[in-house]
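A.B. asks: Quick one, what's the 3D model for this:
(chains A and B)
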Amino acid sequence: MSEYLILIYTDEARFPEPVGDEVDPSFLKFMSDNQHVLLGGAGLQRTGTATTVRRDGDGSFAVTDGAFAETKEALGGYFLIDVPDLDAAISVARQIPQPWGGGVEVRPLRVRS
Amino acid sequence: MPTRAEVAAAVAEAHRAEWGFVLASTLRFAASIDEAEDAVQDAYVRALAAWESTGIPARPGAWLTTTARRRLLDARRRDATAARHLPELVGQDDPGPEPVDPSDGPWGSDSPADDRLRLIFTCCHPALAPEARAALTLRLLCGLTTAEIARCFLVSEPTMAARITRAKKKIAQARIPYRVPSIDELPERLETVLDVVHMIFTVGHTAPAGEDLVRADLMERAHETARLLHRLLPEEPGPAGLLALIVLTDARRAARLGADGAFIPLEDQDRALWDRRAMREGTALAKEALRRRPLSRFALMAAIAAVHDEGSSWEATDWREIVGLYDVLLGLWPSPVVALNRAVAVGFADGPAAGLAAMARLEFEPQLARYGYLAAARADFLRRIGRLDEARIAYEEALVLTDNEVERAYLERRLGGG
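C.D. replies: The predicted structure follows:
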């Protein structure tokens, strides 16, 4: 079996501000359909809450407001899954609800802490 | 016993005809593509010496497969011995690749043809970059060297080597499976495979660069692969359509070049040189493909080729029928290249002015910006209605956009009024 991270990207301007720890019902269904392969997952606060910390060449840190990369579609959440191969990972990725459009990226894990 | 030259010829022939078969059946027992490639390469090298003393085997492919597999097993055994002595150096958690169950996939048999099918579906996996799919297929299924593949795609050898290495790495690290897709994934996955086989055929039919118009070896590989796909997936519309298209197009091969090596356009070809038997086979295949649903774009392209082949002369060609087929194709496959071919057909059905008008709408298509056939087709119609100065400019534009010497010679001849 292999582990993959599914990164979910969405255009934040297109969906309503989430309230508390409320999860969209479509995600609840996805999670129950795929519970046998899900190792974990999370929905993130909006990119407006993000802080980027970069180490400069001289060893000091630059702390800046905002996401690492300013893109129209930003990372909004992830799932960690354990499946036999990429085809299986893609078939899980296809079931991820995307009520506000966007896309997901599937990446194999190299090591895990 | 055979002479050294006879053995060398037999090994070369086995390389041409059986590389994909040997590699595909070896890959099932290997931990990685590189390991399989090394073992197969080694088997071919061993064949040179072995066949000189034992004679050329009746089934060279089987001999090579057995030899390659044995080499893999030997290496595995050596590794196992090393692992016993050096347990701390071997990853404890990594049991190596799981053995692939040969009954995987919808066909469930263990025939070598299925191995080749597995191989081509892996090479053409949609998770690989499109330009890498064709390169991997040519390398692993057809046994071309990196240098040869680089020449086909007009890139430098280091660029192509990097592209192939990157794709192999992705197969290993992202775990792209060595498997024929399940029935429900098949239609979509088959599409990328057919695209690659069609691309290999197209590159062979009109080489993008070089002194030869045709790369017969590439056409033959594409032809064999399409035939294999059709034999293994007889119910699918795509493989039948693609095979029909290839057979019908290839039937005109002997008429495309003059005795002096010059390119002869369809209009001026000696139709007596067309291969009638191939045309009958291709037409039957096209009819079969057109009956299947969903309708494949290759079936429609084959139908267009069949209408060309049916015409007893260029003038007798049913252009109206061809335009109609292009309309259906354009609905199914809205590509600017199809739109250009349709515009050319309109030019022959309704006159050059109508063709030029249809083409004018395509001038600003970004996908056609570097496509020499748009300029060449425009030049041809401008010449036919006597707008010679404009035709000259269009021929010059087309010349800039082709690197194939035979095509260049043809355009230069036209430019010179020939």
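
A.B. asks: Show me what from chain A comes close to chain B.
C.D. replies: Residues of chain A lying near chain B by CB under 8 Å from any CB of the partner chain: A:2, A:84, A:85, A:86, A:87, A:90, A:106, A:107, A:108, A:110. Quick note: C-beta positions are derived from backbone N, CA and C, even for glycine.

A.B. asks: Taking those residues, tell me the two that lie furthest apart.
C.D. replies: A:87 and A:110 (19.7 Å; CB to CB).

A.B. asks: and those two? which has more neighbours close in?
C.D. replies: Shown here are residue A:87 and residue A:110; by other CB atoms under 10 Å in any protein chain shown, residue A:87 has more neighbours (18 against 7).

A.B. asks: Checking the more buried one next. Helix, strand or coil?
C.D. replies: Residue A:87 falls in the helix class when you classify it by DSSP: H, G, I helix; E, B strand; the rest coil.

A.B. asks: State the three-state secondary structure for the residue lying closest to it once chain neighbours are set aside.
C.D. replies: What sits nearest to residue A:87 in space, not counting adjacent residues and going by CB to CB, 6 or more residues apart in numbering or on different chains, is residue B:177, at 5.4 Å. Of the three states, residue B:177 takes coil under three-state DSSP.

A.B. asks: Check whether residue B:177 really touches residue B:171, as I assumed.
C.D. replies: No - using CB atoms under 8 Å as the test, residue B:177 is too far from residue B:171 to be in contact (9.1 Å).

A.B. asks: Can you pick out the residue with more neighbours from these two?
C.D. replies: Higher neighbour count among residue B:177 and residue B:171: residue B:171, with 22 against 19, using other CB under 10 Å.

A.B. asks: and the gap between the residue nearest to residue A:87 and residue B:384?
C.D. replies: According to CB to CB, to the nearest Å, residue B:177 and residue B:384 sit 54 Å apart.

A.B. asks: among the residues of chain A next to chain B, who's most crowded?
C.D. replies: Tallying neighbours with other CB under 10 Å puts residue A:86 at the head of the residues of chain A next to chain B, with 22 neighbours.

A.B. asks: Quick one: mean pLDDT for the helix or strand hosting residue B:162?
C.D. replies: Assigned by DSSP states H and E, residue B:162 belongs to helix B:157-173. Averaging pLDDT along helix B:157-173 gives 94.

A.B. asks: quick one on the thing from earlier: where do the contact lists of residue B:177 and residue B:171 overlap?
C.D. replies: residue B:122 (CB atoms under 8 Å, 6 or more residues apart in numbering or on different chains).

A.B. asks: And what about the closest residue to residue A:41 other than its chain neighbours, helix, strand or coil?
C.D. replies: Excluding its sequence neighbours, the residue lying closest to residue A:41 (CB to CB, 6+ apart) is residue A:79, at 3.8 Å. Of the three states, residue A:79 takes strand according to three-state DSSP.

A.B. asks: residue in the stretch 201-350 of chain B nearest to chain A?
C.D. replies: residue B:233 (18.2 Å; CB to the nearest CB).

A.B. asks: where does chain B have low pLDDT?
C.D. replies: For chain B, applying pLDDT under 70 flags the ranges B:82-113, B:418.

A.B. asks: Show me where it has its strands.
C.D. replies: Assignment of strands within chain B using DSSP state E yields the ranges B:209-210, B:403-404.

A.B. asks: out of the ones you listed, nearest to residue B:228?
C.D. replies: Across these, closest to residue B:228 is strand B:209-210 (CB to CB), at 27.3 Å.

A.B. asks: returning to what we had before: just the C-alphas of the helix holding residue B:162, formatted as PDB.
C.D. replies: Output in PDB follows, covering the C-alpha atoms of helix B:157-173 (Å, rounded to 0.1, in the frame of the first residue of the first chain):
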ATOM      1  CA  GLU B 157      19.100  13.900 -27.000                       C
ATOM      2  CA  PRO B 158      19.800  15.100 -23.400                       C
ATOM      3  CA  THR B 159      16.300  16.800 -23.400                       C
ATOM      4  CA  MET B 160      14.700  13.500 -24.500                       C
ATOM      5  CA  ALA B 161      16.800  11.500 -22.000                       C
ATOM      6  CA  ALA B 162      15.700  13.800 -19.200                       C
ATOM      7  CA  ARG B 163      12.000  13.500 -20.300                       C
ATOM      8  CA  ILE B 164      12.200   9.700 -20.300                       C
ATOM      9  CA  THR B 165      14.000   9.500 -16.900                       C
ATOM     10  CA  ARG B 166      11.500  11.900 -15.400                       C
ATOM     11  CA  ALA B 167       8.500   9.800 -16.600                       C
ATOM     12  CA  LYS B 168      10.100   6.500 -15.300                       C
ATOM     13  CA  LYS B 169      10.700   8.200 -12.000                       C
ATOM     14  CA  LYS B 170       7.100   9.200 -11.800                       C
ATOM     15  CA  ILE B 171       5.900   5.700 -12.600                       C
ATOM     16  CA  ALA B 172       8.000   4.400  -9.800                       C
ATOM     17  CA  GLN B 173       7.400   7.100  -7.200                       C
END
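
A.B. asks: how about that helix: buried residues?
C.D. replies: Neighbour counts over helix B:157-173 (16 or more other CB atoms under 10 Å in any protein chain shown) mark B:160, B:161, B:163, B:164, B:167, B:168, B:170, B:171 as buried.

A.B. asks: show me what contacts the last one?
C.D. replies: When contacts are counted by CB under 8 Å, 6+ apart, residue B:171 is found next to B:33, B:122, B:125, B:128.
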